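# The sequence isn't on hand, but the structure is:
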């Protein structure tokens, strides 16, 4: 059996986030984000002399960075308080913050990783979904 290790970097449009506002403790606040992710995964190939019997893909860890920003003039005093409580800091006319998620394996910390990658012509993560309410990260190719 051959075991191949890989690291894939994803940015912006390949990463979808859901329910970030609720996670930060605000409801209707317009929050701008810049998101990056790193997926460490390995592929196991089960080979026989007659050919390949099977290909299995395993996600070892996912690290996601969400840099967020809210403009003070667009939010209420209660929303400012909630964003500061969520780890945000004042920066000029905005409140900014960073959320780091590091799963450290199939199930690391509070986050669950759903591996939906399949053996196809190309084996690399193409999309990541981060659900802040359910605390699930889904990796697909």
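Looks like it came in fine. Computed from a prediction, not measured in an experiment: that's the story for all the values here. Numbering: from 1, shown residues only.
# State which strand of the chain is the longest.
strand 51-71 (DSSP state E).
# how about the longest helix along the chain: buried residues?
Scanning the chain for the longest helix, with DSSP state H as the assignment, gives helix 77-85. Within helix 77-85, the residues that count as buried by 16 or more other CB atoms under 10 Å are 79-80, 82-83. Using the backbone N, CA and C atoms, a C-beta is placed for each residue, glycine as well.
# Need those residues in TSV (columns: distance to residue 45).
Shown next, in TSV, are those (distance: CB to CB, whole Å):
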residue	distance to residue 45
79	51
80	53
82	49
83	47
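# what's the closest of those residues to residue 65?
Of all these, the one sitting nearest residue 65 is residue 83; the distance, using CB to CB, is 17.5 Å.
# Skipping its backbone neighbours, what lies nearest the closest one in space?
Excluding the flanking residues, the one nearest residue 83 by CB to CB, 6 or more residues apart in numbering is residue 95, at 4.7 Å.
# What pLDDT does the model give that neighbour?
Predicted confidence (pLDDT) for residue 95: 95.
# And residue 89, by the same measure?
Among the per-residue scores, residue 89 shows a pLDDT of 94.
# residues in contact with it?
95-97 (CB atoms under 8 Å, 6 or more residues apart in numbering).
# tally of neighbours for residue 62?
Per other CB atoms under 10 Å, the neighbour tally for residue 62 reads 28.
# doesn't residue 113 make contact with it?
Yes. If you go by CB atoms under 8 Å, residue 62 and residue 113 touch, sitting 5.7 Å apart.
# Point to the residue nearest the middle of the protein.
residue 64 (4.2 Å; CA atoms, centre = their mean).
# OK, contacts around that residue?
Applying CB under 8 Å, 6+ apart, the residues contacting residue 64 are 15, 35-37, 99-101, 128, 130, 137.
# List the beta-bridge partners for it.
Beta-bridge partners for residue 64, by DSSP bridges, are residue 37, residue 101.
# Same check on residue 48?
Beta-bridge partners for residue 48, by DSSP bridges, are residue 51.
# Brilliant, that's me finished.
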